[in-house]
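Chemist: Predicted model and sequence below, questions to follow.
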Amino acid sequence: MSLTNPNLEGYNVTRALWMRYYRPHDGTFIAPRKCSGCYNDDKFVVWAVSVAVQAVVDGSRLYKELVPLIDPAIAIFQKYKNTSLKGFSAAENGGSDKDIYYDDDAQVASAMITAYEVTGNKKYLDQGRELVRFLMGGWNDNPNAKTKGGVKWHITNAYLNACTTAEVAKACLQISKFIPSEAKVYIDFAAKCIDWQIRVLQDPEDKLIKDGIQDTADHPNDTKWSYNAGTTLSAASHLYYITKDPKWKDIATDLAKTSINRNSIIYDRDYDDNRRYWRDSSYFVQLLIEGLADYDLYVGDDAPDGLRDKIREEVSRHLTMFYEYMRDPKDGLYLQSFEPHMTYREVYDTKYKEKFQGHKGWGLKGEDKVGDEPEKCLIGCGAAARVFFQGARLVPRIE
């Protein structure tokens, strides 16, 4: 069996993850046994919940039988809410926990705003607006900071990282079209975020985005993740669509080009060119694919000749590889790894050895196992669904 319809695969994964993890009696996702993203053995952190809920909402655009799942899915977030600060804690709490991360909450906001877009239910827009306002309060305005600006990672930690800054910008742009009277505030804030991102965290050589910088530091953390390129690409592309300022198109085009450059550090380059792949886990790759899809949508025909076709080719190749190597045929759910040697042993012994000649030894990522046995988890399944839904925006059919 081969992958031909990425949207249908996304639907199948979303339906399966809902059946596996959602417990109506508890009104939340529960792990059958402790796995990656869990705390207290069976509850999931809000980041995992946000990715799964995003998958539900993504799928509801096309598959109306998923629409009834939106309300119980969005309702899960209320268990994590700090009722005074209006942000969402990493864990369920009684309304006062302050373990709040701005990047996690930006994905919560995105799910809420998209839920409004799909359903027209204004309560989701109101929830998203309140949360976006909270997110904007994460801007680092400490006048004594060595590195000023940027959005903080955590409400108590002024590590100014790429994911928070770009994801907050994305949420601002997402909500701007639904509240015209406030749109300029959100658009200007998003532009400020991406200006800071490019000035402080972009590597001028390869155009990738560095992870972040502590506000007391002079030099950023040089680690480069695929999702930092993807989220910045999404925001820059959207800014170009709104403003038509060519600087945003140039930024977005640089990011799109480097994201599909197989010599880039976000690829595993231990193989020859035609077998290289994005090496991050699916919960990062889904945001890279979303960024490439947003570039195609928002920059569109203004992109350089041939670039959009190259993007489609690269996304198609990765969707096929992910399907072939990481899918469990028993239940249709996915491991988090995007690395074909870090998969089920039987897949390694057959497909990997045939295509990659056993270049790397077999093993499972720590996040993809319990003990020595492979184990799926909520964020991995939600990310897998989003890989296919977002990828289908570029390649709705694979021949």
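Modeler: It's in. Source: prediction; values computed, not measured. Numbers count the residues shown, from 1 in each chain.
Chemist: can you pull the pLDDT of the residue nearest the centre of the chain?
Modeler: For the chain, Leu287 is the residue whose C-alpha lies nearest the centre (C-alpha atoms, centre = their mean; 3.4 Å). At Leu287, the model reports a pLDDT of 98.
Chemist: CA atoms only for the helix or strand hosting it - export them in CSV, please.
Modeler: Counting by DSSP states H and E, the element that carries Leu287 is helix 282-298. C-alpha atoms of helix 282-298 as CSV (Å, rounded to 0.1, in the frame of the first residue of the first chain):
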residue,chain,number,x,y,z
SER,A,282,7.6,15.3,13.2
TYR,A,283,6.4,17.9,15.7
PHE,A,284,9.0,20.3,14.2
VAL,A,285,8.7,19.2,10.6
GLN,A,286,5.0,19.8,10.6
LEU,A,287,5.7,23.5,11.1
LEU,A,288,8.3,23.6,8.4
ILE,A,289,5.9,22.1,5.9
GLU,A,290,3.2,24.6,7.0
GLY,A,291,5.7,27.4,6.4
LEU,A,292,6.4,26.1,2.9
ALA,A,293,2.7,25.8,2.2
ASP,A,294,2.1,29.3,3.5
TYR,A,295,4.9,30.6,1.2
ASP,A,296,3.1,28.9,-1.8
LEU,A,297,-0.2,30.5,-0.7
TYR,A,298,0.9,34.0,0.3
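Chemist: Packing partners of that helix?
Modeler: Helices and strands touching helix 282-298, by 3 or more C-beta pairs under 8 Å, 6 or more residues apart in numbering; DSSP states H and E, are helix 226-243, helix 246-259, helix 307-326, helix 378-392. In this view, the C-beta of every residue, glycine as well, is placed from N, C-alpha and C.
Chemist: 10 Å instead, please
Modeler: With contacts taken as 3 or more C-beta pairs under 10 Å, 6 or more residues apart in numbering; DSSP states H and E, helix 282-298 sits against helix 46-60, helix 102-119, helix 162-176, helix 226-243, helix 246-259, strand 277-278, helix 307-326, helix 378-392.
Chemist: Mean pLDDT, distance to His341 and mean neighbour count added to those, as a markdown table?
Modeler: Shown next, in a markdown table, are the helices and strands packed on helix 282-298 (pLDDT from 0 to 100; distance: least, C-beta to C-beta, whole Å; neighbours: other C-beta atoms under 10 Å):
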| stretch | mean pLDDT | distance to His341 | mean neighbour count |
| --- | --- | --- | --- |
| helix 46-60 | 98 | 24 | 27 |
| helix 102-119 | 98 | 29 | 25 |
| helix 162-176 | 98 | 27 | 28 |
| helix 226-243 | 98 | 18 | 27 |
| helix 246-259 | 98 | 23 | 21 |
| strand 277-278 | 98 | 11 | 23 |
| helix 307-326 | 98 | 9 | 19 |
| helix 378-392 | 98 | 17 | 28 |
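Chemist: Output those as JSON lines; include the columns distance to Arg20.
Modeler: JSON lines is the format used below for those (distance: least, C-beta to C-beta, whole Å):
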{"stretch": "helix 46-60", "distance to Arg20": "10"}
{"stretch": "helix 102-119", "distance to Arg20": "19"}
{"stretch": "helix 162-176", "distance to Arg20": "27"}
{"stretch": "helix 226-243", "distance to Arg20": "25"}
{"stretch": "helix 246-259", "distance to Arg20": "32"}
{"stretch": "strand 277-278", "distance to Arg20": "26"}
{"stretch": "helix 307-326", "distance to Arg20": "16"}
{"stretch": "helix 378-392", "distance to Arg20": "7"}
